[in-house]
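**Q** Just a sequence and a predicted model for now, questions to come.
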Amino acid sequence: MFKSISSVACLVVVVLSAWVVGRADAQATQPARPVATMERLFDLPPDYSATVVSDNGRHCALIAGLGKKHILLDGRPGPEFDIIDKDSLVFSPGGKRLAYWALRDKKWLPVVDGKPGPDYDLTGRIVFSADGLHTAYAACRDKKWVVVVDGRAGLEHDEIVQNTPVLSADGQRVAYAARNDRDYVAVVDGKPGPVYEAIGLPVFSRDGQRIAYAAKKNEKWSVVADSRAGPEHDGLLEAPAFSPNGKLLVYAARDGKKWRIITNGRPEAEYDGIKLPIVFSPDSAVVAYTAVQGPKALTVVDGHPGLLHRQIMELSLVFSADGMRFMYAAWNDKSLAVIDDKPTPEYDGFWGVPTFSPDGKHTAYGVQKRPKWFIVADGQAGPECDGFWGGVSFSPDSDHLTYVAKKGNKYVVVWDGQPGSEFDNIYQGQLTFDPDGTLEFLAVKDKIVYRVRMH
């Protein structure tokens, strides 16, 4: 009798132990919920009219005021002006500095770091260098235009071409296109170049050692690289592009009715059209672009044509960090992604840019099966939502995937498939991680702006 009871008891213990171990294993497979903290920054003013957010989503500038206008930078008020040009508001990369144009007493002033500069009659764009340490802008006084770099004005011109000046990444070099009477010149580091009928946007290589721009002379276009004009063409497609290491110069040219890519002066295959941008692998070894062939579009990677589609989605071409993988979004009868030359299932819609994890092992992109949207990560569908705001972001160690989803009229950050707190707005939408894996963003709830950290 006692032996029987003992056997039953052992059986119960074994079963319970197995259940506990199984439950622990199941819990271990569930992603841990991130820890979130909210820091109250400021209350939204009732009279704000525009919001600009830094590229990393961690700083915001609002134009406020019913009469006189001022900037609220992360809640801190700046000086007052008659008008603030909302289209001129620009953060430096990383968001540590802010610049804009403001009107006071019928004169325009550049305002950098909250400090107004000299007055002008007309304004051009303000730019920061990639390191955020230098500024440049175009401005006009008494019908003469100048480019001002770090407060120092350069040569006078009749016009500064739109979307210039440009700065090298370290801010040590500046270039712009200008018109004097009917002649156009590129001015590089304060020195005007040869005269042309038209000039395009100058571009620096990443290290700032090289510069190139498109120029027109005698109805023919050429690319001028490092002061040397290349072969003539009937047309060029916007600005040339340097590879990350600066050794390749690539542009799209038209001769007759056909377009082709020119790489370091070497023409590639002809197509009916070329669509920008030109994309490089991170190691500069491979060039990719979209070509048009009749009614179809295709990607060309390292000179090799890919699959034909009705359309390839703009800005969707992407390499993995090691350059070994390639992905893009396309449309035939429906939307799909093509990963390493393999098409995915088709969907009703596609959102944003497909993304590789930093280690190149994982993929993610947003799709729609009407009426709902969801993220597909490594081929697996995530939770449904009503839409997205921004793109998907992987953590630096590639272990976590986050994005901003719309839920009704609210927004949530989804971390490894688990939705967080609801907000009325999440600024920027494109989430960025710190190197230690902390996620930080600005969000609005009940007209209060919070800094939210998740890890």
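**A** That came in fine, so what should we check first?

**Q** What pLDDT is listed against Val12?
**A** Among the per-residue scores, Val12 holds a pLDDT of 30.

**Q** what sits against Thr363?
**A** For Thr363, the contact set (Cβ atoms under 8 Å, 6 or more residues apart in numbering) comprises 327, 337, 339, 354-357, 377-378. Using the backbone N, CA and C atoms, a C-beta is placed for each residue, glycine as well.

**Q** Next up, phi/psi of it, please.
**A** phi -130, psi 150 (degrees, to the nearest 10).

**Q** What part of the chain, helix or strand, is modelled with the least confidence?
**A** Counting by mean pLDDT, DSSP states H and E, the chain has its least confident helix or strand at helix 2-29, which shows a mean of 35.

**Q** re earlier: would you write a ChimeraX line that selects the buried entries of the contacts of Thr363?
**A** Buried subset of those, written as a ChimeraX selection, criterion 16 or more other Cβ atoms under 10 Å:
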select :327,337,339,354,355,356,357,377
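
**Q** what's the most distant pair in the contacts of Thr363?
**A** Greatest spatial distance among those (Cβ to Cβ): Ala337 and Ser357, at 14.9 Å.

**Q** quick one: Trp415 and Thr402 touch, right?
**A** Yes - contact criterion Cβ atoms under 8 Å: Trp415 and Thr402 qualify, at 5.1 Å.

**Q** Please enumerate the shared neighbours of these two.
**A** Each of 439, 454 lies in contact with both Trp415 and Thr402 under the rule Cβ under 8 Å, 6+ apart.

**Q** Let me see the mean pLDDT of stretch 58-69.
**A** For stretch 58-69, mean pLDDT rounds to 94.

**Q** neighbouring contacts of that stretch?
**A** Here stretch 58-69 makes contact (Cβ under 8 Å, 6+ apart) with 44-45, 47-54, 70-74, 77, 80-84, 86, 89, 91, 95-96, 98, 100, 102, 427, 432, 440-442, 449, 451.

**Q** Can you name the residues in contact with stretch 222-234?
**A** Under Cβ under 8 Å, 6+ apart, the answer for stretch 222-234 is 186, 193-194, 210-215, 220-221, 236, 240, 249, 251, 253-256, 262, 265.

**Q** which non-adjacent residue is nearest Gly235?
**A** Nearest-residue entry for Gly235: Arg254, 3.8 Å, with adjacent residues in sequence omitted and distances by Cβ to Cβ, 6 or more residues apart in numbering.

**Q** host element of that neighbour?
**A** For Arg254, the element it lies in under DSSP states H and E is strand 249-255.

**Q** List the pairing partners of that strand within its sheet, with orientation.
**A** Using DSSP bridges, strand 249-255 pairs in its sheet with strand 235-236 (antiparallel), strand 241-242 (antiparallel), strand 258-263 (antiparallel).

**Q** Closest to the centroid, which residue in the protein?
**A** Asp55 (7.9 Å; Cα atoms, centre = their mean).

**Q** Is it correct that that residue is in contact with Gly94?
**A** Yes - contact between Asp55 and Gly94 holds when scored by Cβ under 8 Å: they sit 7.2 Å apart.

**Q** And the pLDDT for Asp397?
**A** 96.

**Q** From Ser357, how far off is it?
**A** Taking Cβ to Cβ, to the nearest Å as the measure, Asp397 and Ser357 are separated by 9 Å.

**Q** so what's Asp340 closest to, chain neighbours aside?
**A** Counting by Cβ to Cβ, 6+ apart, Arg325 is the residue found nearest to Asp340 once chain neighbours are left out, at 5.6 Å.

**Q** check contacts around the one you found.
**A** Per Cβ under 8 Å, 6+ apart, neighbours of Arg325: 319, 339-340, 356, 360.

**Q** follow-up on the earlier one: from the contacts of Thr363, pick the one nearest Tyr289.
**A** Closest to Tyr289, out of all of the contacts of Thr363 and judged by Cβ to Cβ, is Met327, at 14.6 Å.

**Q** and the residue nearest to Gly235, what are its bridge partners?
**A** Beta-bridge pairing of Arg254 under DSSP bridges involves Gly235, Trp259.

**Q** Give me the pLDDT value at it.
**A** 98.

**Q** Hmm, Leu236 and it touching each other?
**A** Yes - with contact defined as Cβ under 8 Å, Arg254 counts as touching Leu236 (7.4 Å).

**Q** which of these two has more neighbours?
**A** A count of neighbours by other Cβ atoms under 10 Å puts Leu236 above the other of Arg254 and Leu236, at 21 against 17.

**Q** The more buried one: what's it in contact with?
**A** By Cβ under 8 Å, 6+ apart, the neighbours of Leu236 are 200, 214, 221, 223, 251-254.

**Q** With Glu270 instead?
**A** 258-260.

**Q** cool, Thr299 as well?
**A** Residues near Thr299 by Cβ under 8 Å, 6+ apart: 288-291, 305-307, 312, 317, 326, 328, 338.

**Q** Now name the helix or strand holding it.
**A** strand 296-301.

**Q** Could you check how far that strand is from the centre of its chain?
**A** Here strand 296-301 is found 23 Å from its chain centre; the criterion is Cα atoms, centre = their mean, to the nearest Å.

**Q** returning to that earlier point: mind checking which of the contacts of stretch 222-234 are buried?
**A** Buried, going by 16+ other Cβ under 10 Å: 186, 193, 210-215, 221, 236, 240, 249, 251, 253-254, 262, out of the contacts of stretch 222-234.

**Q** From the structure, what's the count of residues near the residue lying closest to Asn218 once chain neighbours are set aside?
**A** Using Cβ to Cβ, 6+ apart and skipping the chain neighbours, the partner closest in space to Asn218 is Glu197 (7.8 Å). By other Cβ under 10 Å, 14 other residues sit near Glu197.

**Q** now Asp170
**A** Neighbours of Asp170 using other Cβ under 10 Å come to 14.

**Q** What of Lys115?
**A** Lys115 has 11 nearby residues by other Cβ under 10 Å.

**Q** How is the protein partitioned into domains?
**A** 47-119, 348-455 (automatic domain parsing).

**Q** which one of those lies closest to Thr164?
**A** Closest to Thr164 of these, according to Cβ to Cβ: domain 47-119, at 14.8 Å.

**Q** Please identify which helix or strand holds the closest residue to Ala285 other than its chain neighbours.
**A** The shortest distance from Ala285 to any non-neighbouring residue, by Cβ to Cβ, 6+ apart, is to Gly323 (6.3 Å). Using DSSP H and E, Gly323 falls within no helix or strand.

**Q** Do me a favour and get the end-to-end distance for stretch 300-315?
**A** By Cα to Cα, to the nearest Å, the extent of stretch 300-315 from end to end equals 14 Å.
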